[in-house]
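K.L.:
The following comprises the amino acid sequence and a computationally predicted model.
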Amino acid sequence: MVISKAAIASGDGSFILDNVKIGAPLPDEVIVRIKAASICHTDYDSLSWGKPIVMGHEGAGVVVETGASVADLAAGDQVILNWATPCMKCFQCLQGNQHICEVNSPVVAGGNGYTPGHAHLDGSQWNGKPIERAFNIGTLSEYTLVKRAACVKLPIEMPFTSASLISCGVMTGYGSVVHAAKFKPGSSAVVLGTGGVGLNVIQGARISGASMIIAIDVIPERLKMAQKFGATHFIQAERQDSGLLDAARQVKALTNNRGADYAFECTAIPELGAAPLAMVRNAGTAVQVSGIEQEISVDMCLFEWDKIYINPLYGQCKPQSDFPKLASLYSNGELMLDQLVTRTYGLEQLQQAFDDMLAGKNAKGVIEFS
């Protein structure tokens, strides 16, 4: 039995720090000592999921114990955790869509939190009762219990704070460009919203050989960050610009009155769900990266003509191949990860980390464990 200090969402918009008991791993499970857990808006949203839950879905750490059937990991191995754990047996996994596994994906199979059959529910207990782990991993905790398939061995030496970013934000941004949009070298791109995910869309476009990367945001400081990560042109949008139609006119002025080849929505603002369609040329591709799930109305004229609109999950991640690829890009200097970490916090500073994130102060804030 491991005693672990953890951030526990109450379900009503608040959280507490308290101890969680972690039991022995089942044969296909692993206990990981978390060294760093980056945070994003999804973690903040989990405060209001209506149930107690161990928070956190981005993280990296060190294996401390393995189940009896785990042969390829051992205590001391450094790993990055993956929140969309594939079963490798269901229809979608066999189609190569590991990120939308029909058995284990919390988003596809069972909504937020615990998914039946993924990790045994009583493996973590709080106040004598089982407690779910966010996306089956719950990384805002000193220790966590996960499936072996949720772990990807870290192939190079790198700071845990940087490695933790790969878990979600980096993968989502980079993968949306490379896997989902299948970005062509020499193309132009627009990125709506230059927070943590948007900056990694910019990096994905830069690495893919974009000729022009237009960053759009309402916060000047974020546009400065966008330049650092590879944006070439900048539009400071006005909050009253409905649907960003005025910003779209500026995009067209920069692209021979045609529109960009690709546009990526990274704001998570429902009213802007259709905005990338206004930014792309005829037969261009608009990508809704931020996971908007609310009902919105769309002017079908925005689709004229032959425009493609896609809504990928998690950058269509294949963790066992994508995470090492991202680590390799970091190793050779193409992917900036250390620079994304604006500030680190202790677990007891989690509220400050949320406040800074919501104020737009950080590219990424990371909770660091001793």
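P.N.:
It's in.
K.L.:
how about the strands in the stretch 101-250 of the chain?
P.N.:
124-126, 129-130, 132-133, 143-147, 151-153, 188-192, 212-217, 233-236 (DSSP state E, counting those that start in this stretch).
K.L.:
Nearest to residue 63, out of the ones you listed?
P.N.:
Of all the strands of the stretch 101-250 of the chain, strand 151-153 sits nearest to residue 63, with 7.2 Å by CB to CB. (C-beta placed from N, C-alpha, C; glycine too.)
K.L.:
ok, how many other residues are close to residue 217?
P.N.:
When neighbours are defined as other CB atoms under 10 Å, residue 217 has 26 of them.
K.L.:
so how far is residue 236 from it?
P.N.:
Using CB to CB, to the nearest Å, one obtains 7 Å as the distance from residue 217 to residue 236.
K.L.:
what is in contact with the two at once?
P.N.:
Common neighbours of residue 217 and residue 236 are listed as residue 223 (criterion: CB atoms under 8 Å, 6 or more residues apart in numbering).
K.L.:
three-state assignment of residue 350?
P.N.:
helix (DSSP: H, G, I helix; E, B strand; the rest coil).
K.L.:
what residues are up against it?
P.N.:
Contacts were defined as CB under 8 Å, 6+ apart; by that measure residue 350 touches 7, 15, 17, 39, 140, 367.
K.L.:
Recalculate using a threshold of 10 Å.
P.N.:
Under the criterion of CB atoms under 10 Å, 6 or more residues apart in numbering, the neighbours of residue 350 are 7, 15, 17, 37, 39, 43, 55, 56, 140, 365, 367.
K.L.:
could these go into JSON lines alongside neighbour count?
P.N.:
Below are those laid out as JSON lines (neighbours: other CB atoms under 10 Å):
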{"residue": "7", "neighbour count": "28"}
{"residue": "15", "neighbour count": "23"}
{"residue": "17", "neighbour count": "13"}
{"residue": "37", "neighbour count": "32"}
{"residue": "39", "neighbour count": "30"}
{"residue": "43", "neighbour count": "27"}
{"residue": "55", "neighbour count": "26"}
{"residue": "56", "neighbour count": "33"}
{"residue": "140", "neighbour count": "31"}
{"residue": "365", "neighbour count": "23"}
{"residue": "367", "neighbour count": "29"}
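K.L.:
Can you tell me which of these lies closest to residue 331?
P.N.:
Of all these, residue 37 has the smallest distance to residue 331: 22.3 Å, by CB to CB.
K.L.:
so that closest one, which of the three states?
P.N.:
strand.
K.L.:
Check the one 10 residues further on too.
P.N.:
At residue 47, secondary structure determined by three-state DSSP is helix.
K.L.:
JSON lines please, covering the strands of the stretch 101-250 of the chain and showing mean pLDDT and distance to residue 254.
P.N.:
JSON lines is the format used below for the strands of the stretch 101-250 of the chain (pLDDT from 0 to 100; distance: least, CB to CB, whole Å):
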{"stretch": "strand 124-126", "mean pLDDT": "92", "distance to residue 254": "51"}
{"stretch": "strand 129-130", "mean pLDDT": "92", "distance to residue 254": "54"}
{"stretch": "strand 132-133", "mean pLDDT": "94", "distance to residue 254": "45"}
{"stretch": "strand 143-147", "mean pLDDT": "96", "distance to residue 254": "45"}
{"stretch": "strand 151-153", "mean pLDDT": "96", "distance to residue 254": "39"}
{"stretch": "strand 188-192", "mean pLDDT": "98", "distance to residue 254": "8"}
{"stretch": "strand 212-217", "mean pLDDT": "98", "distance to residue 254": "6"}
{"stretch": "strand 233-236", "mean pLDDT": "98", "distance to residue 254": "6"}
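K.L.:
To residue 325, which of those strands lies closest?
P.N.:
Of all the strands of the stretch 101-250 of the chain, strand 151-153 sits nearest to residue 325, with 10.8 Å by CB to CB.
K.L.:
can you tell me which residues contact the spatially closest residue to residue 306 that is not a sequence neighbour?
P.N.:
Distances taken as CB to CB, 6 or more residues apart in numbering place residue 283 nearest to residue 306, at 4.2 Å, with adjacent residues excluded. With contacts taken as CB under 10 Å, 6+ apart, residue 283 has the following neighbours: 259, 261, 305, 306, 307, 308.
K.L.:
can you give me phi and psi for residue 2?
P.N.:
Backbone torsions for residue 2, taken as degrees, to the nearest 10, come to phi -110, psi 130.
K.L.:
how about low-confidence regions in this protein?
P.N.:
By pLDDT under 70, the low-scoring segments of the chain are 106-122.
K.L.:
Tell me where it has helices.
P.N.:
Counting by DSSP state H, residue ranges of the helices within the chain are 41-45, 91-94, 160-165, 171-175, 196-207, 220-229, 245-254, 275-279, 319-331, 350-358.
K.L.:
Let me see the contact set for residue 314.
P.N.:
Applying CB under 10 Å, 6+ apart, we find residue 314 in contact with 82-84, 98-100, 105, 107, 168, 171-172, 175-176, 179-180, 291, 322.
K.L.:
Which residue is the nearest non-sequential neighbour of it?
P.N.:
On the basis of CB to CB, 6+ apart, the spatially nearest residue to residue 314 that is not a chain neighbour turns out to be residue 99, at 4.5 Å.
K.L.:
ditto for residue 356
P.N.:
Taking CB to CB, 6+ apart, and ignoring the residues beside it in sequence, residue 356 has residue 362 as its nearest neighbour in space, at 5.2 Å.
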